[in-house]
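Structure for the following, please:
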Amino acid sequence: KNLETQISKKRSEYQKVTKKIMEMTQTKTKFLIKNERILEEEVKKAELSLDFAHTQKSFIATGFVPTTKVSKVKEQLTSTTKGAIVFEEPELAKKEAVPVKLNNKEPIQSFEALVKLYELPKANEADPSFLIFLTFPLFFGIMLGDIGYGLITLFLFMWIKKKWPVTKQFMHIFMIASIFTILFGGVFGEVLGYEHVSVETGEKLCNVGICLHKEVIESHGHEYVVYDFPRLLNRVHGTMKIGDFEILSILAIGIMIGFVHINLGLLIGFFNMWKAHGFMHAFLEKLSWYIMQAGVFITILTLTKTLPLRVWVGPIIFGVSCVLLYLGEGPKGIIEIPAIFSNMLSYVRLGAVGLASVGLAVVVNENLAKPFIELGGFYLIPAILVMIIGHTVNIGLGVLGPFLHGIRLHYVEYFSKFFTGGGKPFKPFGLETIGGR
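Next up, the predicted model:
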C-alpha cells in the first residue's frame, strides 16, 4: 500500500512536469529552435578538428566552396589569419563526388523543388530547373486550359501561399501553371466548361459592347443558335488530317510537342555526354537516335510517294543508326528502339487529360445543372449547389491530373534522354538563420 501511494505521487509529479514541458514548448518555440541550432553548430565546431590533418604548429583543412564564393572565402580567411594561410585548388578527379548547389533566381528557383523530387543533378550535368520552368507550366496549361478554372486556382494558390508560407515554393509553381491555364483557356475558348452562351445572353453582352460570333450547333438531333466564345483552337471538335487519317487536333499537337521535347532532351544529353566522355561517345549514344528518326521518316515519305527516293534508302539509314546505337549503348540501345516512338505517343495525354476535364465540366453544366436552371425559381438553388460541387471536384482532378502527368512526362520520357542525377547536396558549414535557405 505504501509503494502504491508513492507510485501515485510520482505519477502526479510526472504529469505536472510533462505539462510544464508542453507549456514551455508552446511559449518558447522560437527560443528552443534557435538555441538547439546554436548547440548543433557548437558540436560541429568541437568535432571539426578531428577531420583535419594537423601537427603542433599547422593543420590542413580540405573542403568544397561554391565557385562564385572562392575569392570571398580566400579574402576573409587571409584577413582572419593575418596571412598565415596557403591555398591550393587541386584538379578534381573525374569520378570525384563533387557536391551540388543549385543557383537559380525566382521564378526558376521554385522549380528546383520538382528537380529535387526526382534527383539532384551531378556536378557535370546541366541543371534541368530552367527546362522544367519552360515546359511544365505549358503542359499543365494545355491539359487544364480553362479561363474560369485558371482564375479560381490562381487565387486559391495565392491564398494557400499566404496562409502557409512553408508551401511557398510549390505554390509559386502552381500559380505560374494557373496563369498558363488562363492563357490556354483563351486559346480554347473555354470558361468553366462553357464554350458558348445562349442567344439571350449573347445579345445582352453585345448591347454592352462584347459581341460574340453567332453559331449554329447540333445537339441530340436538334439545332441551336448560340454565341461562341472567341478561340484559336477548338480542342473538343477541331480535327486535322494526317495522311488518310483524321484525328483531333489537340491529340496531334500533343505528339508534335512530344517529338520536339524528346529531341531537345537528346540534344542536351549529347552535350552532357560530350563534356563527360568525349565527342565520339556522345555521337554514338545520342546523335544516332536522330539518324534513326531520319531513317523512319524518309521510309514513310518514300512509301507515301512524298519523297522521290528509292524504297531502300530509308531502311539503310535506319540500319546504320542501329549499328551506331549498338556501338554506343550496346544491347540496351537496341532494346530501347521502340521506346523512343512510344515516348512521343505518350504526349497524347496532353490532349486526352484535357478532354476528360472538359467532358466532366459539360456533364456538370448540361446534364446536372441545366435541367434545374430551366425550371427556374427555387430550383436555381440546387442548380448552384450542383455546379459548385461538380466544378470543385473537377478542379481538384484538374489540378492533380495535369500535375502528375506533367511531371511524369518530364521524369520518364524527358529526363531519361539526358539526366542521370544522383548528385550530393552541398551542405555549407555555418550557422543557418531560422527560415533561411
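
can you map out the strands along the stretch 51-200 of the chain?
Remark: strands assigned in the stretch 51-200 of the chain by DSSP state E, counting those that start in this stretch are 53-54, 59-60, 99-100, 196-198.

Out of the ones you listed, which is closest to residue 427?
strand 99-100 (7.2 Å; CB to CB). For the C-beta atoms, the positions are set from N, CA and C on the backbone; glycine is no exception.

Report the mean confidence score over that closest one.
Averaged over strand 99-100, pLDDT sits at 89.

and what of stretch 193-200?
On average, stretch 193-200 scores 81.

if we can go back for a sec, identify whichever of the strands of the stretch 51-200 of the chain lies nearest to residue 211.
Of the strands of the stretch 51-200 of the chain, nearest to residue 211 by CB to CB is strand 196-198, at 11.8 Å.

who does the closest one pair up with?
Next to strand 196-198 in the sheet, as set by DSSP bridges, lie strand 222-228 (antiparallel).

which strands and helices sit next to the helix or strand just after the strand it pairs with?
Next in sequence after strand 222-228, counting helices and strands by DSSP states H and E, comes strand 239-242. Packed against strand 239-242 by the contact rule (3 or more CB pairs under 8 Å, 6 or more residues apart in numbering; DSSP states H and E) you find strand 245-248, helix 249-277.

Determine which of these approaches residue 23 most closely.
helix 249-277 (55.4 Å).

buried set for that closest one?
249-255, 257-259, 261-270, 272-274 (16 or more other CB atoms under 10 Å).

Return the helix or strand in the chain with minimum mean pLDDT.
Ranked by mean pLDDT, DSSP states H and E, the helix or strand of the chain with the weakest confidence is strand 213-219, at a mean of 72.

ok, now which ones touch residue 314?
Residue 314 is in contact with 295-302, counting by CB atoms under 8 Å, 6 or more residues apart in numbering.

rerun at 7 Å
Each residue near residue 314 by CB atoms under 7 Å, 6 or more residues apart in numbering is listed here: 295, 298-299, 302.

residue ranges with poor pLDDT in the protein?
Applying pLDDT under 70 to the chain flags residues 94, 218-222, 243, 430-437.

what about the closest residue to residue 60 other than its chain neighbours, neighbour count?
Spatially, and ignoring its direct neighbours in sequence, residue 60 is nearest to residue 53 (4.6 Å; CB to CB, 6 or more residues apart in numbering). Neighbours of residue 53 under the rule other CB atoms under 10 Å: 9.

what does the one 5 residues further on give?
Look at residue 58: counted by other CB under 10 Å, it has 11 neighbours.

contacting residues around it?
Residue 58 neighbours (CB under 7 Å, 6+ apart): none.

Equivalent analysis for residue 230, please.
Neighbouring residues of residue 230 by CB under 7 Å, 6+ apart: 189, 213.

Phi and psi next, for it.
Dihedral pair for residue 230: phi -70, psi 140, per degrees, to the nearest 10.

how near is it to residue 190?
11 Å (CB to CB, to the nearest Å).

Could you do residue 396 as well?
Computed as CB to CB, the residue 396 to residue 190 distance reads 18 Å.

So if I had to pick from these two, which one is more boxed in?
Ranked by neighbour count (other CB under 10 Å), residue 396 and residue 190 place residue 190 first, with 27 against 10.

Was I right to think that one contacts residue 149?
No. Residue 190 is not in contact with residue 149 according to CB atoms under 7 Å; the separation is 8.5 Å.

list the contacts for residue 126?
Residues in contact with residue 126 (CB under 7 Å, 6+ apart) are 268, 272.

how about a cut-off of 8 Å?
268, 271-272, 418.

same deal with residue 115?
Applying CB under 8 Å, 6+ apart, the residues near residue 115 are 102, 121, 127-129, 132.

could you measure it against residue 170, distance?
Distance from residue 115 to residue 170, by CB to CB: 13 Å.

Excluding chain neighbours, give the residue nearest to residue 198 in space.
Residue 198's closest residue in space is residue 226 (CB to CB, 6+ apart), at 6.5 Å.

repeat for residue 365
Here the residue nearest residue 365, using CB to CB, 6+ apart, is residue 193, at 5.2 Å.

Are any of the contacts of residue 314 buried, and if so which?
Judged by 16+ other CB under 10 Å, buried ones among these: 295, 298-299, 302.

Quick check: helices, which of those are part of them?
Assignment to helices by DSSP state H places the following of those there: 295, 298-299, 302.

Now tabulate these in a markdown table and tack on distance to residue 28.
What follows is these, written out as a markdown table (distance: CB to CB, whole Å):
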| residue | distance to residue 28 |
| --- | --- |
| 295 | 70 |
| 298 | 73 |
| 299 | 74 |
| 302 | 78 |
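
thinking again about what came up before, so who does the residue nearest to residue 198 touch?
Residue 226 neighbours (CB under 8 Å, 6+ apart): 196-199, 202, 214-217.

neighbours around residue 19, how many?
Neighbours around residue 19, by other CB under 10 Å: 10.

Please save the CA atoms from stretch 19-39 in CSV.
Listed next in CSV are the C-alpha coordinates belonging to stretch 19-39 (Å, rounded to 0.1, in the frame of the first residue of the first chain):
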residue,chain,number,x,y,z
LYS,A,19,2.5,19.7,-18.6
LYS,A,20,5.2,22.3,-17.8
ILE,A,21,7.4,21.0,-20.6
MET,A,22,4.4,21.2,-23.1
GLU,A,23,3.7,24.8,-21.9
MET,A,24,7.4,25.7,-22.4
THR,A,25,7.4,24.1,-25.8
GLN,A,26,4.4,26.2,-26.9
THR,A,27,5.5,29.5,-25.4
LYS,A,28,9.3,29.2,-26.1
THR,A,29,9.3,27.5,-29.5
LYS,A,30,11.5,30.1,-31.3
PHE,A,31,13.9,30.3,-28.4
LEU,A,32,14.3,26.5,-28.2
ILE,A,33,14.7,26.0,-32.0
LYS,A,34,17.3,28.9,-32.2
ASN,A,35,19.3,27.5,-29.3
GLU,A,36,19.1,23.9,-30.5
ARG,A,37,20.7,25.1,-33.8
ILE,A,38,23.3,27.0,-31.9
LEU,A,39,24.2,24.0,-29.9
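
Of all the residues in it, which ones are buried?
For stretch 19-39, a neighbour-count test (16+ other CB under 10 Å) marks nothing as buried.

So residue 123 sits against residue 423, correct?
Yes. Look at residue 123 against residue 423 with CB atoms under 8 Å: they come within range, at 6.7 Å.

about what we covered before: the residue nearest to residue 60 and residue 62, how far apart?
8 Å.

Residue 336 now?
For residue 336, the distance to residue 62 - CB to CB - is 41 Å.

Which one's more surrounded, these two?
More neighbours surround residue 336 than the other of residue 336 and residue 62, with 14 against 9 (other CB under 10 Å).
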